[in-house]
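Engineer: my questions are about this predicted structure, shown below with the sequence.
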Amino acid sequence: MAVAAAIGAVFTLDGAAQDEAEGKPLIVPANTVGEQRTSVLYGKADARHTLSVVMDPRCAPCGRMEAALGRTMRELADKGAYRIEYRLATGEDEARGGEGSRRAVNALGAAANEGPEKFVRYLGAVLAGRSDRGEWDGDAPASADTLLGIAGRVEGLRTPAFDKAVRESTYLPWVKKVSAAHRQDGGGALPRVALDGSPLVVLDGDGTPVSREEFVRLVRGGKGG
């Protein structure tokens, strides 16, 4: 199993990917895992179980789930019940047009490079704009100013390196790898949560997140109790 990298890494891209990413080098954020390093790790790398959480920054149900269950998910990870592998998607851009998801995932990559705790706090702040549609609409996260403004709520995140990566879309080639990995997994409705590969139903039929107590029960009913 791959473990989180302590620092970011630089790779070369094939021609097609270079064209899509405007010739930028592929820079992979630190604290990423997996064969292609397309997941962001939170928790102990050697935890026996893995909670996979797939979300799109422009996805309103993802925002509702994060608001209701994000803290509980991470508390269980902090206790060693599992490690969390966050997998990001950009399907909302393809479905609705624009590039807000891609730009937001780029910024999330920059946050991951600063550290797992900053990543999860920034993820929650970005998704808060979709939880009730009260903060921003449409393709607003395509704006670097919007993404940097949200980052200002996360203590210590606005470093010169972070700001530069957001404004220059440093991690855009990595975003394309992340998006491709999601498509290869079959895409589908989000959010998607699984414990050791077994899906967990975290939203009811009308899209309302289950309670924290129900989520804990689901985890304990699996292998991560």
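Structural biologist: Nice, I can see it.

Engineer: going forward, measure contacts between C-alpha atoms and count neighbours the same way
Structural biologist: Noted.

Engineer: quick one: least confident helix or strand in this protein?
Structural biologist: helix 15-20 (a mean of 37; mean pLDDT, DSSP states H and E).

Engineer: now for the helix or strand Glu117 falls within, which elements pack on it?
Structural biologist: Secondary structure assignment for Glu117, by DSSP states H and E: helix 116-131. When contacts are defined as 3 or more Cα pairs under 8 Å, 6 or more residues apart in numbering; DSSP states H and E, helix 116-131 sits against strand 39-42, helix 60-78, helix 100-114, helix 144-151.

Engineer: turn these into TSV, including mean pLDDT and distance to Ala189.
Structural biologist: Output for the helices and strands packed on helix 116-131, formatted as TSV (pLDDT from 0 to 100; distance: least, Cα to Cα, whole Å):
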stretch	mean pLDDT	distance to Ala189
strand 39-42	98	18
helix 60-78	95	10
helix 100-114	96	15
helix 144-151	92	24
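
Engineer: to Ser179, which of the ones you listed lies closest?
Structural biologist: Each of the helices and strands packed on helix 116-131 was checked against Ser179 via Cα to Cα, and the shortest separation belongs to helix 100-114, namely 8.6 Å.

Engineer: circling back: do you know which of the helices and strands packed on helix 116-131 lies nearest Lys24?
Structural biologist: helix 100-114 (12.8 Å).

Engineer: so how far is the closest one off the chain centroid?
Structural biologist: Centroid separation for helix 100-114 versus its chain: 8 Å, with Cα atoms, centre = their mean, to the nearest Å.

Engineer: can I get the CA coordinates of that helix in PDB?
Structural biologist: Extracted C-alpha coordinates of helix 100-114, given in PDB (Å, rounded to 0.1, in the frame of the first residue of the first chain):
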ATOM      1  CA  GLY A 100     -15.200  25.800 -10.700                       C
ATOM      2  CA  SER A 101     -14.700  22.200  -9.700                       C
ATOM      3  CA  ARG A 102     -11.300  21.900 -11.400                       C
ATOM      4  CA  ARG A 103     -10.100  25.200  -9.900                       C
ATOM      5  CA  ALA A 104     -11.400  24.300  -6.500                       C
ATOM      6  CA  VAL A 105      -9.700  20.900  -6.600                       C
ATOM      7  CA  ASN A 106      -6.500  22.600  -7.600                       C
ATOM      8  CA  ALA A 107      -6.800  24.800  -4.500                       C
ATOM      9  CA  LEU A 108      -7.600  21.700  -2.400                       C
ATOM     10  CA  GLY A 109      -4.400  20.100  -3.800                       C
ATOM     11  CA  ALA A 110      -2.500  23.200  -2.600                       C
ATOM     12  CA  ALA A 111      -4.200  22.800   0.800                       C
ATOM     13  CA  ALA A 112      -3.200  19.100   1.000                       C
ATOM     14  CA  ASN A 113       0.400  20.200   0.300                       C
ATOM     15  CA  GLU A 114       0.200  22.400   3.400                       C
END
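
Engineer: what are the contacting residues of that helix?
Structural biologist: By Cα atoms under 8 Å, 6 or more residues apart in numbering, the surrounding residues in contact with helix 100-114 are 7-8, 28-32, 40, 56-58, 88-93, 118-119, 122-123, 126, 139-144, 147, 157, 162, 165-166, 169-172, 174-175.
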